[in-house]
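**Q** Mind looking at a prediction? Sequence and model below.
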Amino acid sequence: MMRGRVDDENRISVVIPTYNREKRIGNCLDSILNQTHKVYEIIVIDDCSMDATADVVRQYQEKYVDDNIIYDRLKKNYGAQVARNRGIELARGKWICFCDSDDEWLKNKIEVQFDVLKNNGFNEYIVIHGNCEVNDTVKNKRYVWQLPIVQGTDCYGALLRYPGPMFQAILTSRSALIEVGKLGEDIKSYQEWDTSLRLAKICDFIHIENPLFIYNLHSGDQISDDVVKDCDGYEYIIDKYKDDILSICGEETWNRHIMRLITKAIEKRRDFIECYVNKLKIRNLVVGKKYILFGCGQFGSCIEEVLRIVGGEVVAYVDNNKKKFNDNIVYSLNEIRKKDNEVFFITTPKYQNDIAKQLDDAGYKKGIDYIKYTDVFS
């Protein structure tokens, strides 16, 4: 197979943090070695694995002696961010890419990104990223994950609103990574979100719509399966950037972040919820009032938890489609008879204007008979 020549001026280093991946790191290495554009070096940082990960990497070093596979082992299990930082320190390339040791690059990832680099004059203050193909081994299905589009010269505000690029897709310069300082080593999850926010202060972002890597979902061994780490990481990021979220994006964005935390915690970590509710910026909510929830989806569950904690009482549920919600009967609007001391609470921000029109058409008055999500959380 013909592979692109390595340009000495634009060498690409790949950093792979790994821990106990003897059964999967081989596929990861194969996907990098088989790129249509050759990388300069592959740096595997072993986070003190207790299995045969080191032996597998050494077999690849012996087999691919001309491919600059570097292996370095940390003295103890520090975490993926420490491993990535060590890889950045060791890298001799001008450009840095990352891959997790249980994921795989699609074969033209570097070729596509290198072409973008070339078309942008090899600008060192650029981050190139893209979507991914999910291989869900638990549910036995594959699909393309369309990540949020983060693109342009000022992406900091967009990244304050939602997580963006994943490490496995990111290509940027080593100098940019050095300039923003070491990757945050205390973050338990959403580590690339923090890195992207820091890079967004000095870099332009380019989003490639086509998938660049395969994200392998396994049962029981990823952070996404650990609700505590997931919530802790998300909360760490929004707390760290709270002032900027509020000043640049506003209270509605802050509250949406908290609602996402409540959503994450509802099924498995209900003990977290009260702490999250206390972080909400709430207005126009009368404590002790009786509420009829209109909209019984994911946001409905969040609003119900919020009302329970702040002292509001939910007395009924209304939805245009559902018949059951958390074992409660759900009524249509025509079936419900609102009492004078009750208020409809429209729980969904996406469809709140449509639902408000339904209530208006039924003779109910905004602010008296019903309130919208954004009346309370923006």
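**A** Yep, it's here. Residues are numbered from 1 along each chain as shown.
**Q** Please count neighbours and contacts with C-alpha atoms only from this point.
**A** Fine.
**Q** Give the rounded mean pLDDT of stretch 293-302.
**A** For stretch 293-302, mean pLDDT rounds to 88.
**Q** Begin at 5 from now on, thanks
**A** Sounds good: first residue 5 from here, last item stretch 297-306.
**Q** and the end-to-end length of it?
**A** The first and last residues of stretch 297-306 sit 11 Å apart, counting by C-alpha to C-alpha, to the nearest Å.
**Q** give the contact list for the closest residue to residue 30 other than its chain neighbours.
**A** Nearest residue to residue 30, sequence neighbours excluded (C-alpha to C-alpha, 6 or more residues apart in numbering): residue 60, at 7.1 Å. Contacts for residue 60 (C-alpha atoms under 8 Å, 6 or more residues apart in numbering) come out as 26, 29-30.
**Q** Roughly how far does residue 60 sit from residue 48?
**A** Applying C-alpha to C-alpha to residue 60 and residue 48 gives a distance of 11 Å.
**Q** one step back: now, which of the contacts of residue 60 lie within helices?
**A** With helices defined by DSSP state H, the entries of the contacts of residue 60 inside them are 29-30.
**Q** From the contacts of residue 60, pick the one nearest residue 95.
**A** residue 29 (19.5 Å; C-alpha to C-alpha).
**Q** tally of neighbours for the closest residue to the closest one other than its chain neighbours?
**A** Leaving aside its chain neighbours, residue 29 sits nearest to residue 105 (4.9 Å; criterion: C-alpha to C-alpha, 6+ apart). Using other C-alpha atoms under 10 Å, the number of residues around residue 105 comes to 25.
**Q** likewise the one 3 residues further on?
**A** The criterion is other C-alpha under 10 Å. On that basis, residue 108 has 24 neighbouring residues.
**Q** Show the residue spans covered by the helices in the stretch 205-354 of the chain.
**A** 231-244, 246-248, 255-272, 277-281, 302-314 (DSSP state H, counting those that start in this stretch).
**Q** In TSV, list the ones you listed along with distance to residue 20.
**A** Output for the helices of the stretch 205-354 of the chain, formatted as TSV (distance: least, C-alpha to C-alpha, whole Å):
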stretch	distance to residue 20
helix 231-244	21
helix 246-248	31
helix 255-272	28
helix 277-281	34
helix 302-314	36
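**Q** quick one: which of those is nearest residue 381?
**A** helix 255-272 (5.7 Å).
**Q** Now for residue 349: which residues touch it?
**A** Per C-alpha under 8 Å, 6+ apart, neighbours of residue 349: 295-298, 374-377.
**Q** try 6 Å
**A** 296-298, 374-375 (C-alpha atoms under 6 Å, 6 or more residues apart in numbering).
**Q** how close does the residue nearest to residue 109 when sequence neighbours are not counted sit to residue 137?
**A** Leaving aside its sequence neighbours, residue 109 sits nearest to residue 217 (C-alpha to C-alpha, 6+ apart; 4.0 Å). Distance, residue 217 to residue 137, by C-alpha to C-alpha: 6 Å.
**Q** And these two? Which one has more around it.
**A** When residue 217 and residue 137 are compared for neighbours, residue 217 comes out ahead with 23 against 20, by other C-alpha under 10 Å.
**Q** of the contacts of residue 60, closest to residue 19?
**A** Once C-alpha to C-alpha is applied, the member of these that ends up nearest residue 19 is residue 29, at 12.7 Å.
**Q** how far away is the closest one from residue 104?
**A** The value you get for residue 29 to residue 104, if C-alpha to C-alpha is used, is 9 Å.
**Q** And for this protein, the residue most distant from the center?
**A** Going by C-alpha atoms, centre = their mean, the residue of the chain most distant from its centre is residue 344, 43.3 Å out.
**Q** Show the model's pLDDT score for residue 330.
**A** At residue 330, pLDDT is 81.
**Q** Let me fix that, I meant to ask about residue 226.
**A** For residue 226, pLDDT reads 49.
**Q** Which one (most neighbours) among the contacts of residue 349?
**A** Neighbour max across these (other C-alpha under 10 Å) = residue 298, 28 neighbours.
**Q** Which of the helices of the stretch 205-354 of the chain sits closest to residue 109?
**A** helix 231-244 (24.2 Å).
**Q** So what touches the closest one?
**A** By C-alpha under 6 Å, 6+ apart, helix 231-244 touches 191-194.
**Q** rerun at 10 Å
**A** Contacts with helix 231-244, where a contact means C-alpha atoms under 10 Å, 6 or more residues apart in numbering, come from 164-167, 190-195, 197-198, 201, 227-228, 246, 248-249, 258, 261-262, 264-269, 271-273, 276, 280, 283.
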